[in-house]
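Trainee: Quick one, fold the following:
(one chain, ligands or ions: 1)
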Amino acid sequence: MNQGKGFWESLPLFPERASTLASEVDTLYFFTVAVAIFFSLLVAALVLYFAVRYRRRHPNEVGQPEKTITWLEITWSVIPFLILMVMFVWGAKVFFIAFRPPSNAVEYYVVGKQWMWKFQHPQGKREINDLHVPVGQPIKLTMTSEDVIHSFFVPAFRIKADVLPGRYTTAWFEATKAGAYHIFCAEYCGTEHSRMGGTIHVMEPRDYEAWLEQDAPTDERLLSGEELFAKYVCNTCHYPDSSARAPILYGIFGEQAELADGSRVLVDENYLRESILNPTAKIVAGYQALMPTYQGQVGEEELIQLIAYIKGLEPAGGGEQTASGGSTAQETAP
Ligand code: CUA
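Mentor: Residues are numbered from 1 along each chain as shown. Sure thing, here's the model as predicted:
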């Protein structure tokens with residue numbers, strides 16, 4: 001991994017570039033720094049030059065009255081404006097790249113906790129402070145915290161995103177070379193903040209598959225989303241049988257739900273999370289506020305399992321409407 005490093009990467013100031021985003025971020029950064037250096041030197045040189053050129057030559061010399069030169073005023077206003085617009089548009093472009101995971105990204109879950117990072121693979125495998133991923137695969141991280149605010153920072157990938165209690169935030173990356181890359185917590189979160197870190201192990205896809213196959217020395221097994229759905233008896237209300245008193249959950253993810261107050265809401269991770277923990281916050285039109293709160297009963301990792309399970313519920317049959325309709329007609333269970 002240390003061979004073939006470019007000049008910039010060999011400087012201790014510049015971390016390794018190991019994701020598709022890294023060169024985008026660095027190029028913009030170098031451009032901004034180059035512009036700043038150029039104008040700083042220009043201003044410094046002119047200060048010195050003018051100090052000498054327009055120095056006072058004899059004791060009773062007085063200054064000339066100022067002249068306004070319109071073309072000069074316009075030039076030195078327009079040029080900085082154009083340069084700043086380049087920085088703004090370029091920065092916005094990189095921002096959108098950084099915050100929009102590609103549609104083929106595979107979703108991993110991250111739970112921050114004083115003072116560790118817990119990961120879950122799409123296949124269900126779990127890790128603490130180590131995350132194994134395949135090279136060349138866009139990976140979306142859906143992240144939350146069990147306690148205070150943390151921040152997930154991987155310098156080699158040029159990604160950093162706050163990890164907040166009570167909601168989901170996301171980040172994404174596509175690793176470009178195999179290796180081990182440091183994870184930091186970039187938000188002060190208590191005594192052991194500085195030691196809250198980990199390693200992302202980027203592997204060749206074949207090695208990753210082999211690694212997934214290995215039996216993980218898992219501590220206690222977490223119940224799957226489906227098992228949790230049964231454990232918390234969600235299924236007694238959320239199955240579309242004759243006595244169902246709750247919205248059908250099949251195929252709702254990513255759709256709009258119509259609420260009792262007439263507004264609409266996108267069914268995403270944060271909405272599902274809120275609806276589990278605080279069900280009365282947003283009542284789907286046509287239903288009553290019957291559901292008990294699961295605040296304090298369902299942990300963050302269980303929430304992630306439940307949400308992943310609900311996301312995976314395909315719409316039943318064809319042409320069926322989502323659970324948000326609020327009609328009393330219940331379709332048959334898939
Ligand atoms: Cu977690 Cu700092």
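
Trainee: show me where pLDDT drops low in the stretch 101-250 of the chain?
Mentor: Filtered on pLDDT under 70, the stretch 101-250 of the chain yields the residue ranges 215-221, 236, 240-244.

Trainee: Ramachandran coordinates for residue 53?
Mentor: phi -60, psi -40 (degrees, to the nearest 10).

Trainee: So which residues on the stretch 151-300 of the chain come close to the ligand?
Mentor: Remark: the part of the stretch 151-300 of the chain in contact with the ligand comprises 185, 187-189, 193, 196, using CB under 6 Å from any ligand atom. For glycine as for every other residue, the C-beta is placed from the backbone atoms N, C-alpha and C.

Trainee: ok, now with 8 Å
Mentor: On the criterion CB under 8 Å from any ligand atom, the ligand has as its neighbours in the stretch 151-300 of the chain the residues 151, 163, 185-190, 193-194, 196.

Trainee: Which pair of these spans the longest distance?
Mentor: Of all pairs drawn from those, the one with the largest separation by CB to CB is 163 and 194; the distance is 16.4 Å.

Trainee: When these two are compared, which one has more neighbours?
Mentor: Relative neighbour count places residue 163 above the other of residue 163 and residue 194, with 28 against 11, counting by other CB atoms under 10 Å.

Trainee: For the more buried one, grab phi and psi.
Mentor: Backbone torsions for residue 163, taken as degrees, to the nearest 10, come to phi -120, psi 110.

Trainee: Show me the beta-bridge partners of it.
Mentor: residue 150 (DSSP bridges).

Trainee: Let me see the contact set for it.
Mentor: Under the criterion of CB atoms under 8 Å, 6 or more residues apart in numbering, the neighbours of residue 163 are 110, 112, 143-145, 149-152, 169, 187.

Trainee: export the helix or strand that contains residue 140 as PDB, just CAs?
Mentor: Counting by DSSP states H and E, the element that carries residue 140 is strand 138-145. In PDB, the C-alpha atoms belonging to strand 138-145 read as follows (Å, rounded to 0.1, in the frame of the first residue of the first chain):
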ATOM      1  CA  PRO A 138     -20.500   1.800  -3.500                       C
ATOM      2  CA  ILE A 139     -21.500   1.500   0.100                       C
ATOM      3  CA  LYS A 140     -24.200   3.500   1.800                       C
ATOM      4  CA  LEU A 141     -23.900   3.900   5.600                       C
ATOM      5  CA  THR A 142     -27.100   4.500   7.500                       C
ATOM      6  CA  MET A 143     -26.000   5.600  10.900                       C
ATOM      7  CA  THR A 144     -27.400   6.400  14.300                       C
ATOM      8  CA  SER A 145     -26.200   6.700  17.900                       C
END
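
Trainee: For it, report the contacting residues that lie outside it.
Mentor: The contact list for strand 138-145, computed with CB under 8 Å, 6+ apart, reads 101-102, 104-113, 133, 152, 161, 163-175, 269, 300, 303-304.

Trainee: mind listing the strands for the chain?
Mentor: In the chain, the segments counted as strands under DSSP state E are 106-113, 116-120, 126-128, 130-134, 138-145, 150-154, 159-163, 169-174, 179-185, 197-203, 256-258, 264-266.

Trainee: wait, does the first one contact the ligand?
Mentor: Yes - with CB under 8 Å from any ligand atom as the measure, strand 106-113 is seen reaching the ligand through residue 112.

Trainee: And that strand, what's buried?
Mentor: 107-113 (16 or more other CB atoms under 10 Å).

Trainee: and that strand, what does it pack onto?
Mentor: Based on contacts counted as 3 or more CB pairs under 8 Å, 6 or more residues apart in numbering; DSSP states H and E, the elements that strand 106-113 packs against are strand 116-120, strand 138-145, strand 150-154, helix 300-311.

Trainee: Listing partners with orientation, what would you give for that strand?
Mentor: For strand 106-113, the pairing partners within the sheet under DSSP bridges are strand 116-120 (antiparallel), strand 138-145 (parallel).

Trainee: So which of these is nearest residue 70?
Mentor: strand 138-145 (52.2 Å).

Trainee: How far off centre is the closest one?
Mentor: 6 Å (CA atoms, centre = their mean, to the nearest Å).

Trainee: number of nearby residues for residue 208?
Mentor: Here the neighbour count serves as a burial measure; for residue 208 (other CB under 10 Å) it reads 19.

Trainee: and it, what does it touch?
Mentor: The contact partners of residue 208, by CB under 8 Å, 6+ apart, come to 132-134.

Trainee: Just among the residues you listed, which is most surrounded?
Mentor: In terms of neighbours by other CB under 10 Å, the contacts of residue 208 top out with residue 133 at 23 neighbours.

Trainee: which strand residues sit across from it in the sheet?
Mentor: On the basis of DSSP bridges, residue 133 is bridged to residue 202.

Trainee: Count the neighbours of the closest residue to the ligand within the stretch 1-150 of the chain for me.
Mentor: Ranked by CB to the nearest ligand atom, the top residue of the stretch 1-150 of the chain for proximity to the ligand is residue 150, at 3.4 Å. Burial of residue 150 is recorded as 32 neighbouring residues (other CB under 10 Å).
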